[in-house]
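>>> below is the sequence, then the predicted model.
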Amino acid sequence: MELKDLVPNEGSTKNRKRVGRGNGSGTGKTAGRGLNGQKSRAGGGKGAGFEGGQTPLARRLPKLPGFRNVNRVEYLPVNVSRLEEKFEAGEVVDGDSLKAKGIIKHSDAPVKVLGDGEITKALTVKVDKVSASAKAKIEAAGGKVEEPC
């Protein structure tokens, strides 16, 4: 047996219907579209989502609510409890040191230190923003806050 000998099984394939190729073909004249009307015309028929003249669902529903401020700055939150466990006393906390310790992924991302947890080490914090409670805890521990970096 060779590749040239392969043929499909009897009755498994049909010839393509060639419409509009003369009356002798059986699908001449109107090409199987019936007589007159919207569906018999070129480009005729209803569009996707047509609901019989009723206002379509896509037009009844409102557009997206609200808006997204393109100028919004998203700060990466870092709590003082994380600074307590990752840094030694006297160290400087900035974007590069936070990335080196694995607290944030990118050193140039804006960071805000929040006041959740306790801190006992004196650290110098040089980040973009510091909450009031975090600033009070850092200064109470003997550290200082320099913002923005």
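Sure thing, it's come through.
>>> mind listing what the most centrally placed residue in the chain touches?
A centroid search over the chain (Cα atoms, centre = their mean) returns Arg68, at 13.8 Å, as the residue closest to the centre. Residues near Arg68 by Cβ atoms under 8 Å, 6 or more residues apart in numbering: none. Placement of C-beta: from N, CA and C, glycine included.
>>> how about it, secondary structure?
Per DSSP: H, G, I helix; E, B strand; the rest coil, the secondary structure class of Arg68 is coil.
>>> what does Lys137 give?
Three-state assignment for Lys137 (three-state DSSP): helix.
>>> wait, it sits on Ser81?
No: with contact defined as Cβ atoms under 8 Å, Lys137 does not reach Ser81; the gap is 9.8 Å.
>>> mutual contacts of the two, please.
With Cβ under 8 Å, 6+ apart as the test, Lys137 and Ser81 both reach Glu118, Ile119.
>>> please identify which of these two sits among more neighbours.
Neighbour count, other Cβ atoms under 10 Å: between Lys137 and Ser81, Lys137 has more, with 23 against 15.
>>> ok, now which ones touch the more buried one?
Listed by Cβ under 8 Å, 6+ apart, the contact set of Lys137 reads Val80, Gly115, Glu118, Ile119.
>>> could I get those in JSON lines, plus columns for distance to Gly102?
Putting the contacts of Lys137 into JSON lines (distance: Cβ to Cβ, whole Å) gives the following:
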{"residue": "Val80", "distance to Gly102": "17"}
{"residue": "Gly115", "distance to Gly102": "22"}
{"residue": "Glu118", "distance to Gly102": "21"}
{"residue": "Ile119", "distance to Gly102": "19"}
